[in-house]
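>>> Sharing a sequence plus its predicted fold:
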Amino acid sequence: MREARLAYILIAPAVLFLTIFVAYPFFMALWMSLTSKRLGMPGTFVGLGNYLRLLDDDIFRQTAWNAVLYTGVAVGIKTVTGLALAMGLAKLSRGAQLIRAIVLLPWVIPISLSALAWWWMYDPLYSVFNWGLGLIGIHKIPWLSNPFWARVAIITTNIWRGLPFYGLCILAGLLAIPRELYEAAETDGAGRLATFWYVTLPLLRPVLGTVILYSVVMTISDFETIYLITRGGPRNTTHLFSTLAYQVGLVGTEIGLGAAIVLFIFPVLAVAAFLLIRLVRQSEQIA
Amino acid sequence: MFPFLLFALFPFFWMLITSLKSNTELYNVTASPFNIREGATLEQYRLLLKDTAFLLWMANSMIVASVVTLISVTASTLAAYAVARLRFRGAQAFGMAIFLTYLVPPTLLFIPLSRVVAFFGVSDSLWALILTYPTFLIPFGTWLQMGYFRTIPKELEECAMVDGATRIQALVRIILPISIPGLLTVAIFSFTLAWGHFIYALAFISSAPQKVLPVGIATELIRGDVFFWGALMAAALLASVPVVIIYSLFTGRFVAGLTAGATKY
C-alpha cells in the first residue's frame, strides 16, 4: 500500500536515531556487563562475574540501599506535598497564572544549574541555612559531611525540583473530576475528609499512579543532583546507581563493571513500564 | 500557597544576591548574607565573562540546542503523523517502542553510548551531543505529537485529498498550521531539555572549549581547591536566562507538555 510506504519513510528518521543510539547501546550495555572490558582495552567474557562481584561489594550494597531510601522518601514526600500543592492551586482564581508560573519554575530551570545553588546553600562554611539556624541559636548542620544530613540535603533538592510535576499533574486530575460527584457527596452528608477519601482519591488513582511511576524511574536514575552536590559522599552514603557507574565505569575505566551497575535499574524500569502500560490501557477502556 | 512560593523562589533569590556581592563580602562569615553592605557589584559577572570561557560555552549550548531541536521536532512530527494517520504494519509496535524508549533514562545508556560516540569518531566534540541528545527528545516529542494529531479530525485531510491534494500536500498545507501548538510545545521542551542536559555532555566531552554550559560551569569554575562561588552563581543565573525567556513567553506550552505525558490517556 502506498500509505504504508509513506509511513515507513516518515518514521525512518526516528527509527534510525533510536535504533543506533538507544536500542543498540542498550544491548551493548547488556553485553558489556558480562565482560571485564576496560576503557581502551578489550575485555574477556566473565558471565555473571561482574554482577556477583557487585552483590558482594560493600560500596555497591550501600548504593543500592541509598537508591531505595532516596527514591522511597523523595517520592513519598513529593506525593503528599504534591497533593497539597494541587489542592492549593485548585482553589486559586483563574487569574492566578503568575502563581502557577512561579510554582513551576524549579521544574523548568535545568537541575544542572539549580543544583549549583543548592550546593552553595549547603556549603560547610557559608551555608545560608546555617546562618539562619544560628540566629535562633541552633548549632551548624554539617550538611555535606554527615551521611544523614547529606541525604536530607539531596532529598530536599530533589523534592524542590520534582514537586511542580506532581502538583500540576495532580491538579489536572483534580480539575477533571466532575462537580456532580462532589455535590452528590455533599447531599449524602459526607464531610470534607470523607469526600476526599471516598471521592477524590479513588478518582485520582490513574493520575497518581502515572505520576508516581514516572517519578520513580526518574528519581532512581538521578545523576545531576547527586553529582553536583555530594559526588556520592560522604563515604558513598549518597551514591546512586548512575553516579557510582560513572565513577567506576568512566573515571575508574572499568566499563564492564560500570555497565553492570547501571543495569540494576533495569528491573525497576521493566516493572514501571509494565504497570504504566496497564494503567494506560485501563484508562483507555474507561474512556 | 505562600510556603510553596517561598520554597520555590528562595534558591533563585539566593543565587542573585550571591552573584551581586564582591568577593570580600562573599567570604565574610560574620556579615549578614542578606545585606549587600558594600553595594551590589557586577564584578562577578565581569570575572565570569572575561576570565572564563563562559561565552564560548554559551555559544556551544546555543548551537547544540538549536540543531537538536530542529532534528527532534522534524523526526517526532513525521513519525507521529505516520502513527496517528497512516495504516501500516508495525504501527502498534512502533508506538510501543516509542513509549519504552521514553522510559529508558539517559543514565542507563551513557556508558555504551560513549563507545558508540567513539566509534563515530566524534568524541570530545559537539557532534557527540548532536547525535545523542535526540534520543531523549524524540520519544517524548513523538508521544506528544501523537496525542495532538489524534485530536485533529481526519476529515480535514480527507477533504483536501478528495479535492486532489496528495497526502504530503495535505500534511504541509492543512495539518501543519493547525498543529502549531503541538510543534511549539515539542520545540520548547526539546530546547530546554537539551540546554540543561548534563550527563552526556559530561561523559562525552572533556576539553574546555568544547564544553556546553552546564558542564563548563560545574567543572571549570573550580580551580583546584578554590571555588569561585560568586562567578558560579552568576554563571548559573545567566545560563538560565534563555530558558526563563522561553518560559515567560510560552508558560502555557510548558504546562501543556508537562501534563500531556501524565494525563493524556
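Perfect, I can see it now. If you're wondering where the values come from, they're calculated on a predicted model, not measured in any experiment.
>>> where's residue B:77 relative to chain A, distance?
Separation of residue B:77 from chain A (C-beta to the nearest C-beta, to the nearest Å) stands at 9 Å. Where you see a C-beta, it was placed from the backbone N, CA and C, and this is true even at glycine.
>>> ok, that residue - how many residues close by?
Close neighbours of residue B:77, defined as other C-beta atoms under 10 Å in any protein chain shown, add up to 26.
>>> Spit out the contact partners of it.
Residues in contact with residue B:77, defined by C-beta atoms under 8 Å, 6 or more residues apart in numbering or on different chains, are B:141, B:145, B:179, B:182-183, B:186.
>>> which of those tops the neighbour count?
Ranking these using other C-beta under 10 Å puts residue B:141 first, with 33 neighbours.
>>> May I ask which helix or strand encompasses it?
helix B:134-150 (DSSP states H and E).
>>> Adding distance to chain A and pLDDT, write the contacts of residue B:77 out as JSON lines.
Output for the contacts of residue B:77, formatted as JSON lines (distance: C-beta to the nearest C-beta, whole Å; pLDDT from 0 to 100):
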{"residue": "B:141", "distance to chain A": "9", "pLDDT": "93"}
{"residue": "B:145", "distance to chain A": "11", "pLDDT": "91"}
{"residue": "B:179", "distance to chain A": "14", "pLDDT": "86"}
{"residue": "B:182", "distance to chain A": "16", "pLDDT": "89"}
{"residue": "B:183", "distance to chain A": "15", "pLDDT": "92"}
{"residue": "B:186", "distance to chain A": "12", "pLDDT": "94"}
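>>> Please name the nearest non-neighbouring residue to the residue of chain B found nearest chain A.
Closest contact between chain B and chain A, by C-beta to the nearest C-beta, is at residue B:196 (2.1 Å). Nearest residue to residue B:196 in three dimensions, chain neighbours excluded: residue A:110, at 2.1 Å (C-beta to C-beta, 6 or more residues apart in numbering or on different chains).
>>> Surely that neighbour touches residue B:240?
Yes. Using C-beta atoms under 8 Å, residue A:110 is in contact with residue B:240, at 7.4 Å.
>>> What residues sit buried inside the longest helix seen in chain B?
Counting residues, the longest helix in chain B under DSSP state H turns out to be helix B:54-85. For helix B:54-85, the neighbour count (16 or more other C-beta atoms under 10 Å in any protein chain shown) marks B:54, B:56-58, B:60-61, B:64-65, B:67-69, B:71-85 as buried.
>>> For the residue nearest in space to the middle of chain A, give me its contacts.
For chain A, the residue nearest the mean C-alpha position is residue A:219 (1.9 Å; C-alpha atoms, centre = their mean). By C-beta under 8 Å, 6+ apart, the residues touching residue A:219 are A:70-71, A:74-75, A:158, A:162.
>>> Mind doing that once more with 6 Å?
A:71, A:74-75 (C-beta atoms under 6 Å, 6 or more residues apart in numbering or on different chains).
>>> Just confirm residue A:104 is within a strand.
No. Counting by DSSP: H, G, I helix; E, B strand; the rest coil, residue A:104 is not part of a strand but helix.
>>> how much space between the closest residue to it other than its chain neighbours and residue A:129?
Nearest residue to residue A:104 in three dimensions, chain neighbours excluded: residue A:164, at 4.7 Å (C-beta to C-beta, 6+ apart). Per C-beta to C-beta, to the nearest Å, residue A:164 is found 22 Å from residue A:129.
>>> who's more crowded, the two?
residue A:164 (25 against 16).
>>> of all the contacts of residue A:219, which comes closest to residue B:246?
Of all those, residue B:246 sits closest to residue A:74, with 27.4 Å by C-beta to C-beta.
>>> Which single residue in chain A comes nearest to chain B?
Evaluated by C-beta to the nearest C-beta, chain A has residue A:110 as its residue closest to chain B, separated by 2.1 Å.
>>> Near that residue, how many other residues are there?
By the criterion of other C-beta under 10 Å, residue A:110 has 23 neighbours.
>>> Is it in contact with residue B:194, as I believe?
No. Checked against C-beta atoms under 6 Å, the pair residue A:110 and residue B:194 is beyond contact range at 9.7 Å.
>>> picking that back up, surely the residue of chain B closest to chain A touches residue A:112?
Yes. Counting by C-beta under 6 Å, residue A:112 is a contact partner of residue B:196 at 5.2 Å.
>>> roughly how far apart are residue A:216 and residue B:28?
Distance of residue A:216 to residue B:28, given as C-beta to C-beta: 43 Å.
>>> Comparing the two, which residue is more hemmed in?
Between residue A:216 and residue B:28, residue A:216 has the larger neighbour count (other C-beta under 10 Å), namely 19 against 15.
>>> Give me the average confidence score over whichever strand or helix holds the more buried one.
Of the helices and strands defined by DSSP H and E, residue A:216 is found in helix A:201-220. Across helix A:201-220, pLDDT averages out at 92.
>>> average model confidence for the very next helix or strand once past it?
Next along the chain after helix A:201-220, taking DSSP H and E as the criterion, comes helix A:224-229. Average pLDDT, helix A:224-229: 95.
>>> again, but for stretch A:54-63
Stretch A:54-63 comes out at a mean pLDDT of 94.
>>> Contact residues of the stretch 51-200 of chain A facing chain B?
A:85, A:88, A:101-103, A:105-106, A:108-110, A:112-113, A:116-117, A:120, A:128, A:131, A:168-169, A:172 (C-beta under 6 Å from any C-beta of the partner chain).
>>> Looking at those, which are in helices?
Among these, DSSP H puts A:85, A:88, A:101-103, A:105-106, A:108, A:112-113, A:116-117, A:120, A:128, A:131, A:168-169, A:172 in helices.
>>> In PyMOL, select just the buried ones from those.
In PyMOL, this line selects whichever of those come out buried by 16+ other C-beta under 10 Å:
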select buried, chain A and resi 85+88+101+102+103+105+106+108+112+113+116+117+120+128+168+169+172
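>>> circling back: so what does the helix holding residue B:141 touch, helix or strand wise?
The contact analysis (3 or more C-beta pairs under 6 Å, 6 or more residues apart in numbering or on different chains; DSSP states H and E) places helix B:134-150 against helix A:2-18, helix B:54-85, helix B:91-103, helix B:180-196.
>>> Just the mean pLDDT for the second one, thanks.
It stands for helix B:54-85. For helix B:54-85, mean pLDDT is 95.
>>> quick one: that helix to helix A:2-18, angle?
Counting by axes from the mean of the first three to the mean of the last three C-alpha atoms, to 10 degrees, helix B:54-85 points 150 degrees away from the direction of helix A:2-18.
>>> For the residue nearest to residue A:273 when sequence neighbours are not counted, give me the pLDDT.
In space, and not counting its chain neighbours, residue A:273 is closest to residue B:103: 5.3 Å by C-beta to C-beta, 6+ apart. At residue B:103, the predicted lDDT confidence score is 87.
>>> One more: residue A:95?
In this model, residue A:95 is scored at 65, pLDDT.
>>> Then residue A:181?
For residue A:181, the model assigns a pLDDT of 87.
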